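**Q** 3D, please:
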Amino acid sequence: MKKRVLIIYTGGTIGMKKTDKGYAPVSGFLGDAISSLADMKSDGAPEWDLYEMSPLLDSSDVTVKEWNKIAAVICDNYDKYDGFVVLHGTDTMAYTASALSFILDGLDKPVVLTGSQIPLSEIRSDGKDNLVTSLLVAADGVANEVCLCFSGKLLRGNRAVKMSADHLVAFDSPNYPHLADIGITIKYHQSALRHYKGDGLKMTPLSEVPIGVLKVFPGIQFGLFETIMTEKLSGIVLETFGAGNIPSDSGALIPIISHAFESGSVVTVCSQCPSGTVSLGAYETSSALKAAGAVSGFDMTTEAAVAKLYYLFSLGIGVDEIKLRMEQNLRGEMTV
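**A** As a prediction, the model looks like this:
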């Protein structure tokens, strides 16, 4: 009996049509393009259905609302299919992959995000290989977690980052091994896969709490951000230098972080470096962050840290508990 896969199209380059105003997602266009591909009708392909979300969006317009809608489609159809492929724009694909990994607890089927740098309808599109490979991965039932499949790499969704805006090899996971490398065969790396046995799938919708990202740069004047950090934001991802360092003469930040924590905010420290981990206290310049109440994001991506903050605030737990769980590995998103 053939495996069954549900393809969920959210928008993005892979299904876009050339218009007078540039490429744009058009309802019904992708279905025709996929149906015309011989590989999708091959005996080696699983059975598949296409679910087109409405409205179709450029991924730069995808928000918490869309993350919840995608997760709901997966949950509503969970028992009908062996796996799921989510077609998504590349700009925020890593954010959506991270978010889905937290929303979908107890996942024991593949959820594979993919897309393309060139529309499927255009010559030289990378969309065909990405789509067909993702379909096979979703049907295999080996990588039973939220994954991102792109240009010959299968990555853990909440470890992936977009590395290039114009190369076909657009994604990588600098701090975690590939789940599979895809050449003539799909070679899964069992030691990298997440083997989770839960009590069935549970969906935790994300609340639209105010989350912010602040990137440290030489000469930054933290005082300009005080009101936003202490009164407007529930969660803050602070992208610091190296292993968690900030300018030593930026004494204004420490009381701001303390005030933010007292106001119910959680400040998570991530690194601006694609590879490596935050180690608060390893250097004098990072010790003050820890003392002020900031938590370490270790080797989490900014995308994963943002999604994790949304998730934890959505659980309705206290700030102290959120701080504790931010430093715990919940979905394979960090190495502690």
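**Q** ranges for the strands of the stretch 1-150 of the chain?
**A** In the stretch 1-150 of the chain, the strands defined using DSSP state E, counting those that start in this stretch lie at 4-9, 16-19, 22-25, 47-52, 83-87, 104-105, 111-114, 146-150.
**Q** weakest of the ones you listed in terms of mean pLDDT?
**A** Comparing mean pLDDT across those, the weakest is strand 22-25, with a mean of 82.
**Q** and the contacts of that one?
**A** The set of residues external to strand 22-25 that reach it, using Cβ atoms under 8 Å, 6 or more residues apart in numbering, is 11-13, 15-17, 56-58, 119. Yep, even glycine has a C-beta here, placed from its N, CA and C like the rest.
**Q** can you check stretch 191-205 too?
**A** 68, 71-72, 75, 78, 102-108, 142-145, 156, 176-179, 311, 314-315, 331-332.
**Q** from the residues you listed, which ones fall inside helices?
**A** Within the contacts of stretch 191-205, membership in helices is found for 68, 71-72, 75, 102-103, 311, 314, as judged by DSSP state H.
**Q** for these, which one is nearest residue 323?
**A** The shortest distance between residue 323 and any of the ones in helices among the contacts of stretch 191-205, using Cβ to Cβ, involves residue 311 and amounts to 14.0 Å.
**Q** can you count the residues close to the closest one?
**A** Residues contacting residue 311 under the criterion other Cβ atoms under 10 Å number 23.
**Q** and residue 129, by the same measure?
**A** Other residues lying near residue 129 total 18 when counted by other Cβ under 10 Å.
**Q** what does residue 24 give?
**A** When neighbours are defined as other Cβ under 10 Å, residue 24 has 14 of them.
**Q** kindly report the same for the one 3 residues further on.
**A** The burial count assigned to residue 27 is 13, neighbours taken as other Cβ under 10 Å.
**Q** hang on, isn't it packed against residue 56?
**A** Yes - with contact taken as Cβ atoms under 8 Å, residue 27 and residue 56 are classed as touching, separated by 6.3 Å.
**Q** around residue 25, how many other residues sit close by?
**A** A count of nearby residues for residue 25, using other Cβ under 10 Å, gives 24.
**Q** oh, I was asking about residue 208
**A** Residue 208 has 12 neighbouring residues, counting by other Cβ under 10 Å.
**Q** residue 86 versus that one, what's the distance?
**A** According to Cβ to Cβ, to the nearest Å, residue 208 stands 21 Å off from residue 86.
**Q** residue 43: which of the contacts of strand 22-25 is nearest?
**A** Looking at these and their distance to residue 43, the nearest is residue 15, at 25.2 Å (Cβ to Cβ).
**Q** hang on, the closest one packs against residue 114?
**A** No - in this structure residue 15 lies outside contact range of residue 114 using Cβ under 8 Å: 11.6 Å.
**Q** where does residue 264 fall, helix, sheet strand or coil?
**A** Reducing the assignment to helix, strand or coil with DSSP: H, G, I helix; E, B strand; the rest coil, the entry for residue 264 is coil.
**Q** the nearest residue to residue 274 once chain neighbours are set aside: neighbour count?
**A** Taking Cβ to Cβ, 6 or more residues apart in numbering as the measure, residue 274 lies nearest to residue 174, with 4.5 Å between them; neighbours along the chain are not counted. By other Cβ under 10 Å, the residues close to residue 174 number 14.
**Q** assumed residue 174 was part of a strand.
**A** No - residue state for residue 174 (three-state DSSP) corresponds to coil; a strand is not indicated.
**Q** now the helices for the stretch 201-336 of the chain?
**A** Counting by DSSP state H, counting those that start in this stretch, the segments of the stretch 201-336 of the chain that form helices are 226-227, 253-262, 284-292, 302-314, 319-326.
**Q** which elements pack onto the fourth one?
**A** Helices and strands touching helix 302-314, as assessed by 3 or more Cβ pairs under 8 Å, 6 or more residues apart in numbering; DSSP states H and E, comprise helix 93-103, strand 211-215, strand 235-240, strand 266-271, helix 319-326.
**Q** distance to residue 23 for those - can I get that in CSV?
**A** Compiled in CSV, the helices and strands packed on helix 302-314 are given as follows (distance: least, Cβ to Cβ, whole Å):
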stretch, distance to residue 23
helix 93-103, 16
strand 211-215, 28
strand 235-240, 31
strand 266-271, 32
helix 319-326, 38
